[in-house]
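Participant: quick one: sequence and predicted model below, then my questions.
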Amino acid sequence: MQPAAYLDKLNPQQRRAVEHGIAGPGDVTGGPLLVIAGAGSGKTNTLAHRVAHLIVNGADPRRIMLLTFSRRAAAEMTRRVERIAAHVLGPNAAVLTEGLTFAGTFHGVGARLLRDYAVQIGLDPNFTIHDREDSADLINLVRHELGFSRTEKRFPAKGTLIAIYSRAVNAEQPLEEVIGRAFPWCAGWNAELKALFAAYVEAKQRQNVLDYDDLLLYWAQMVGEPSIAADLAGRFDHVLIDEYQDTNRLQASILLGLKPDGRGLTVVGDDAQSIYSFRAATVRNILDFPGHFSPRADTVMLEQNYRSSQPILAAANAVIDFAAERYAKNLWSDRASTERPILVSVRDEIEQANFVATRILENREDGIALKSQAVLFRAAHHSGPLEVELTRRNIPFVKFGGLKFLDSAHVKDVLAALRFVENPRDRVAGFRVLRLLDGLGPATAGRILDEVATSDALVPALEGFAPPARTAQDWPAFLAMISELKGKAAGWPGELDLVWQWYEPLLERLHEDAASRQADLVQLAQIAGGYASRERFLTELTLDPPDATSAEAGPPHLDEDYVILSTIHSAKGQEWKKVFVLNVVDGCIPIDLGVGTKDEIEEERRLLYVAMTRAKDSLHLMVPQRFFTHGQAARGDRHVYAARTRFIPPTILNRFAATSWPPAAPAEPGQRPVDTPRIDIGARMRAMWK
Ligand SMILES: Nc1ncnc2c1ncn2[C@@H]1O[C@H](COP(=O)(O)OP(=O)(O)OP(=O)(O)O)[C@@H](O)[C@H]1O
């Protein structure tokens, strides 16, 4: 095989992106490259080919940093790179791609680098990582300590506090600006919030914990320090980033700090699919990228869509054509079809569920596997009635997005025990574990943790503590578990087993449905087996928790088939033959019936576009005439009447077919008009008493 024959299947634009800056063996580092990849244009495929092409031409995989949006995407990319490289390198490809150790999410790679440089930046390398819920718990603790929870006017709650803090950090915006723009009802608390955030930062440092935002923040600070930046930049010849449209300013600063002149830097993304601004992602990163460098970064556009049929693409293009600012692309497809996307009008969500379940079964009769069909929705709770209907009809499904496996109390308990041993100063973890013991109240837990924090050894500090009488029964098993874990003799994942043995009796005491919860712990044990150490397990799982249990463990049986239910956010990057989108009405897409800011509305439009472009062969957009809302306290839950989403105005209706369901039965000649009463129930009721 000719060396470059493996690139033959690529189209000319894809090939340009793959070969950019690669002159031949040993000469592989070109200037900055931006790849604007339309939906379904083979972005992932192209990036994988580029990495393989770099390796085939002599780039050292250990010196390649590959940043993706999720851990799953990184693993998939590595597998693809290996397959492609194997065409040229044969079995040696596996050895080389195993060297791709810096492939992961921004947060995951950040955590590794921070451990590597911990000592140089004054961090203890055993730091543990707080997920959003832990962060909110800690900030709440600080809020109490500062007395803000007792203010006369209601002080913002923990969820709001962490959201404000996170946005200020990720968007690199001053606090006043963040509050003014996104949290106006908190104006007036500026001084208190500043004091609170300062105290929160100090608490994290005392406890040796980092939150999600810190991973990026510390990394950005690190590349801002010339001596470390030079060292760090020198370790990587190539930095490639997928899904660049969903990165935030802090991530852009990190890249520019790592590769100030852009040499060896490749970013790939689609501005039309930017849907994560609630995490402070900014579409500006991708729009402004070329201008950061001199000369400007080269831009390659991928415009051939290989996924969707022409009519689906035409409708999606019509929707996104209304977007305010974007790289104009002419996305086209040569997959001819006569089937336009269908707008299906139904009475309510019950009928919507009925229609979708019926069609899914019909499709299966036609030989379309359940797994090739997906139902997408804007908010996790939108699928409620459909879940009931699918269950009723025995149609198996897996749901992505919404409540995460790791959010369940029992899984968190087990992880907290492991985290406490990893970093005894982590108060949120310590508090959670100690409170599991019978009769151990918050004040005592606080005292134990104070003791532990001032001592340099966990086990002796605990052994020196006399537990309250009610806890005496639970204490020895707890101590034994902690000492065994500290001793590390069990190895990984044996340590998880130790925690499980300790936790099992507590589980039965704490939860009535212990049996079903045990199943989650079995799942956790399976996941644990995939990691080399306790630290890797805790870090990776906190940073990128599995969306649904099956996402991590994989389907247990080859013949198992199930429909995919997913929030649009979690459907990113995926594709299915048949796609149904629920609640394509104002109030769901866009999510807010009230008028959002212009940017928010634009993002909702992109969400609909992302949903539509997941479909290969057929697309149903459901339009219930009324839907149920989980309202605010003042108005409660209620039904509201809905209008088709504003993103499909009458001017583009010709891109869609329309139908209503169930179809109205045609009136037969001579039939009585339907508005004539057929029975008189009132008379029957009266007759009962005569
Ligand atoms: N050169 C090509 N020839 C044929 N098929 C291709 C080519 N490139 C990509 N594809 C196919 O196109 C589909 C979309 O590719 P991929 O998932 O990489 O798109 P994407 O750009 O990441 O999409 P999105 O951004 O919408 O998630 C896949 O089924 C892939 O196999």
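Facilitator: Looks like it arrived, so ask away. Numbers count the residues shown, from 1 in each chain.
Participant: hey, let's count contacts and neighbours off CA atoms from now on
Facilitator: Noted.
Participant: could you look up the SS state of Leu621?
Facilitator: Three-state call for Leu621 (DSSP: H, G, I helix; E, B strand; the rest coil): strand.
Participant: give me the number of residues near Ala86?
Facilitator: Close neighbours of Ala86, defined as other C-alpha atoms under 10 Å, add up to 19.
Participant: pretty sure it is touching Thr97, no?
Facilitator: No. Judged on C-alpha atoms under 8 Å, Ala86 makes no contact with Thr97 at a distance of 9.8 Å.
Participant: tally up the residues packed near Phe397, please.
Facilitator: 17.
Participant: taking the mean pLDDT, what do you get for stretch 623-642?
Facilitator: If you average the pLDDT over stretch 623-642, you get 66.
Participant: which one is whatever residue of the stretch 101-250 of the chain ends up closest to the ligand nearest to, not counting chain neighbours?
Facilitator: The nearest approach of the stretch 101-250 of the chain to the ligand comes at Glu243, 7.9 Å away (C-alpha to the nearest ligand atom). Using C-alpha to C-alpha, 6 or more residues apart in numbering and skipping the chain neighbours, the partner closest in space to Glu243 is Gly269 (4.6 Å).
Participant: could I get the pLDDT score of the one you found?
Facilitator: 93.
Participant: follow the chain on from the helix or strand of the chain with the lowest mean pLDDT and name the next helix or strand.
Facilitator: Ranking every helix and strand in the chain by mean pLDDT, DSSP states H and E puts helix 549-553 at the bottom, with a mean of 36. Using DSSP states H and E, the next helix or strand after helix 549-553 towards the C-terminus is strand 563-567.
Participant: which other helices and strands contact the helix or strand following that following strand?
Facilitator: Sequence-wise, the next helix or strand downstream of strand 563-567 (DSSP H and E) is strand 576-581. Counting contacts by 3 or more C-alpha pairs under 8 Å, 6 or more residues apart in numbering; DSSP states H and E, strand 576-581 is packed against strand 373-377, helix 598-612, strand 615-624.
Participant: what residues does the stretch 51-200 of the chain put near the ligand?
Facilitator: For the stretch 51-200 of the chain, no residue is in contact with the ligand (C-alpha under 6 Å from any ligand atom).
Participant: get me the contact residues on this structure for the ligand.
Facilitator: 9-11, 37, 39-45, 306-307, 572-574.
Participant: tell me the two of these that are most distant?
Facilitator: Largest separation among those by C-alpha to C-alpha: Lys9 and Lys572, giving 24.6 Å.
Participant: looking at those two, which is more packed in?
Facilitator: Set Lys9 next to Lys572 and count neighbours by other C-alpha under 10 Å: Lys572 wins out with 18 against 9.
Participant: surely the more buried one meets Met612?
Facilitator: No. Between Lys572 and Met612 there is no contact under C-alpha under 8 Å: 11.1 Å.
Participant: show me where pLDDT drops low in the stretch 151-300 of the chain?
Facilitator: Applying pLDDT under 70 to the stretch 151-300 of the chain flags the ranges 151-152, 278-280.
Participant: what is the burial count for the closest residue to the ligand within it?
Facilitator: The nearest approach of the stretch 151-300 of the chain to the ligand comes at Asp270, 6.7 Å away (C-alpha to the nearest ligand atom). Neighbours of Asp270 under the rule other C-alpha under 10 Å: 25.
Participant: surely it and Gly40 touch.
Facilitator: No. Asp270 is not in contact with Gly40 according to C-alpha under 8 Å; the separation is 10.3 Å.
Participant: for the residue of the stretch 201-350 of the chain found nearest the ligand, what are phi and psi?
Facilitator: The stretch 201-350 of the chain approaches the ligand most closely through Tyr306 (4.2 Å), counting by C-alpha to the nearest ligand atom. Torsion angles at Tyr306 (phi, psi; degrees, to the nearest 10) stand at phi -100, psi 0.
Participant: in the stretch 451-600 of the chain, what residue lies closest to the ligand?
Facilitator: Nearest residue of the stretch 451-600 of the chain to the ligand: Gly573, at 3.2 Å (C-alpha to the nearest ligand atom).
Participant: read off the pLDDT value for that residue.
Facilitator: 87.
Participant: ok, the one 3 residues further on next?
Facilitator: Trp576 carries a pLDDT score of 97 in this model.
Participant: same deal with the one 10 residues further on?
Facilitator: At Asp586 the predicted local confidence, pLDDT, stands at 91.
Participant: surely it touches Ile648?
Facilitator: No. Between Asp586 and Ile648 there is no contact under C-alpha under 8 Å: 10.3 Å.
Participant: what about Trp189, how many neighbours?
Facilitator: Quick note: Trp189 (other C-alpha under 10 Å) scores 13 neighbours.
Participant: list the contacts for it?
Facilitator: By C-alpha atoms under 8 Å, 6 or more residues apart in numbering, the contact set of Trp189 is Phe155.
Participant: ditto for the one 10 residues further on
Facilitator: Taking C-alpha under 8 Å, 6+ apart, we find Ala199 in contact with Val142.
Participant: quick check: it is in a strand.
Facilitator: No. Judged by three-state DSSP, Ala199 forms no part of a strand; its state is helix.
Participant: and Leu196, how close does it get to Ser294?
Facilitator: Separation of Leu196 from Ser294 (C-alpha to C-alpha, to the nearest Å): 42 Å.
Participant: among these two, which residue is more densely surrounded?
Facilitator: Leu196 (21 against 11).
Participant: hmm, that one is touching Asn140, no?
Facilitator: No. If you go by C-alpha under 8 Å, Leu196 and Asn140 don't touch, sitting 9.7 Å apart.
Participant: could you report the neighbour count for the residue nearest to Arg263 when sequence neighbours are not counted?
Facilitator: Nearest non-adjacent residue to Arg263, counting by C-alpha to C-alpha, 6+ apart: Gly31, 4.3 Å away. Gly31 has 18 neighbours, counted by other C-alpha under 10 Å.
Participant: swap in the one 4 residues further on?
Facilitator: By other C-alpha under 10 Å, the residues close to Val35 number 27.
Participant: my read is it is in a helix, agree?
Facilitator: No. Assigned with three-state DSSP, Val35 falls outside any helix and is strand.
Participant: verify the stated contact: it with Ala297.
Facilitator: No. The pair Val35 / Ala297 is not scored as a contact, 10.0 Å apart, by C-alpha under 8 Å.
Participant: Provide the secondary structure category for Val344.
Facilitator: Secondary structure, three-state DSSP: Val344 is strand.
Participant: Glu351 versus that one, what's the distance?
Facilitator: Separation of Val344 from Glu351 (C-alpha to C-alpha): 11 Å.
Participant: what touches both of these two?
Facilitator: By C-alpha under 8 Å, 6+ apart, Val344 and Glu351 have these common neighbours: Trp661.
Participant: these two: which has the busier surroundings?
Facilitator: Taking neighbours as other C-alpha under 10 Å, Val344 and Glu351 compare with Val344 leading, 21 against 17.
Participant: residue contacts, that one?
Facilitator: Val344 neighbours (C-alpha under 8 Å, 6+ apart): 620-623, 658-661.
Participant: quick one, which of those residues are buried?
Facilitator: 620-623 (16 or more other C-alpha atoms under 10 Å).
Participant: how far away is Ile448 from the ligand?
Facilitator: 50 Å (C-alpha to the nearest ligand atom, to the nearest Å).
Participant: scratch that, Phe400
Facilitator: Counting by C-alpha to the nearest ligand atom, the gap from Phe400 to the ligand is 16 Å.
Participant: please name the nearest non-neighbouring residue to that residue.
Facilitator: Nearest non-adjacent residue to Phe400, counting by C-alpha to C-alpha, 6+ apart: Ser566, 4.6 Å away.
Participant: count of neighbours near the one you found?
Facilitator: Residues lying near Ser566 (other C-alpha under 10 Å) number 24.
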